[in-house]
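Colleague: here are the coordinates; sequence isn't available:
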């Protein structure tokens, strides 16, 4: 169960990311991160591990910028990117993707857009499961990753398999639309209420907005 | 006995390979019919033809004595047909159990409260009301089948088309499905290769092979 309301999460993530990106970083900008870390103290280590993994990619940008002689900008980008990713990870890592759909629905995004996001997430989840299954099969059948022609052929076959599977899944989904009377809209029950945590998060994030604007 | 489904000399070919031919059979009002057959004999394709998802290469399909000349003709009978696919995961269109079960009603323009109450009633009837707010993809295979069945039954279809309803289920889940299906008084076409499961549901059984459909009991 999430501590935060999906709509509040989405708005805060958007506002925080925008303000961190386009403003001079101040100590105040760390407050939402601290608040989220306190709220999600049980998962902080897990989130930091994820952030560490993602830092391999952020480091690439840092290195490229540093090599171009923009050391100050490199550090600036590095810190901002890490703050944005950490904030989003702390907010969203415990949610299932469907919370985002729920938030979009609550925030009155166009119906077709909400449905498209939902079915995209559903397809990603299905293909992810399929990929996991293939990985287990490869293990069970003694496949060793390597650089031989056979290994590359196997990888090619696997991508082909996933591609065919995704087409089949799309067709099955189309059948389901037809059979169940889908008219471009999914119907969600919005019974998420605002909690004290939501209000504090909203306030803390908006403090940054107020401080920056005023 | 009035007929819900009539198939007249139906044939089906996939990529120019004939899967079955000359299938003729009738399903009466509230009659339960089972179709068994070897893998690849076209059982699921036959069910899809009846559901109006694919066209036969030859022959006629009649629903309530109306000929379905093209897939468009099935539109007016959509709400009369309840189709449970073999891969039950393909059936779901919403994230939680309650949302998915009430989907068909809401899509037909019924209001939220009414749809919700009906969904709760059907979940209660099938003994899965405790799953109401669960995410569907986190449920077991047996639970997913029952949720899918609830999503179908809520629209009160006159015909149920069930493709391998007990596929990959344990004995308890299978017995639960049998109890549910036995309690439903509707025309039913059940495709399965579990003969013991079929025996507990209906005495009317057909075997599908390349030459057609033969009544075996």
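Modeller: That came through fine. Worth saying up front: this structure is predicted, and the values here are computed from it rather than measured.
Colleague: isn't residue B:188 right up against residue B:163?
Modeller: No - Residue B:188 is not in contact with residue B:163 according to C-beta atoms under 8 Å; the separation is 11.8 Å. Just so you know, the C-beta spots here come from the backbone N, C-alpha and C atoms, and that holds for glycine as well.
Colleague: not counting sequence-adjacent ones, nearest residue to the spatially most central residue of chain A?
Modeller: Centroid check for chain A by C-alpha atoms, centre = their mean gives residue A:92 as the closest residue, at 6.7 Å. Distances taken as C-beta to C-beta, 6 or more residues apart in numbering or on different chains place residue A:9 nearest to residue A:92, at 6.8 Å, with adjacent residues excluded.
Colleague: how about the one you found, secondary structure?
Modeller: On the three-state scheme (DSSP: H, G, I helix; E, B strand; the rest coil), residue A:9 is labelled helix.
Colleague: once you drop chain neighbours, what's closest to residue A:126?
Modeller: The nearest residue in space to residue A:126 (C-beta to C-beta, 6+ apart) is residue A:169, at 5.6 Å.
Colleague: what's near enough to touch residue 165?
Modeller: No chain was given, so I picked chain A. A:127, A:130 (C-beta atoms under 8 Å, 6 or more residues apart in numbering or on different chains).
Colleague: that's the wrong chain, I wanted chain B
Modeller: Per C-beta under 8 Å, 6+ apart, neighbours of residue B:165: B:84, B:145, B:149, B:177, B:181, B:190, B:192.
Colleague: so the second one is in which element?
Modeller: This means residue B:145. Under the criterion of DSSP states H and E, residue B:145 resides in helix B:141-153.
Colleague: now tell me what touches that helix from outside.
Modeller: A:180, B:82-84, B:88-89, B:91-92, B:97, B:100-101, B:103-104, B:119, B:122-123, B:126-128, B:131, B:136, B:139, B:160, B:165-166, B:168-170, B:172-174, B:176-177, B:180, B:184.
Colleague: for ChimeraX, what selects the buried ones among those residues?
Modeller: Of the contacts of helix B:141-153, the buried ones go into a single ChimeraX selection, burial set by 16 or more other C-beta atoms under 10 Å in any protein chain shown:
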select /A:180 /B:82,83,84,88,89,91,92,97,100,101,103,104,119,122,123,126,128,131,136,139,160,165,166,169,173,174,176,177,180
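Colleague: the contacts of helix B:141-153 in helices, which ones?
Modeller: Secondary structure from DSSP state H places A:180, B:97, B:100-101, B:103-104, B:119, B:122-123, B:172-174, B:176-177, B:180 of the contacts of helix B:141-153 in helices.
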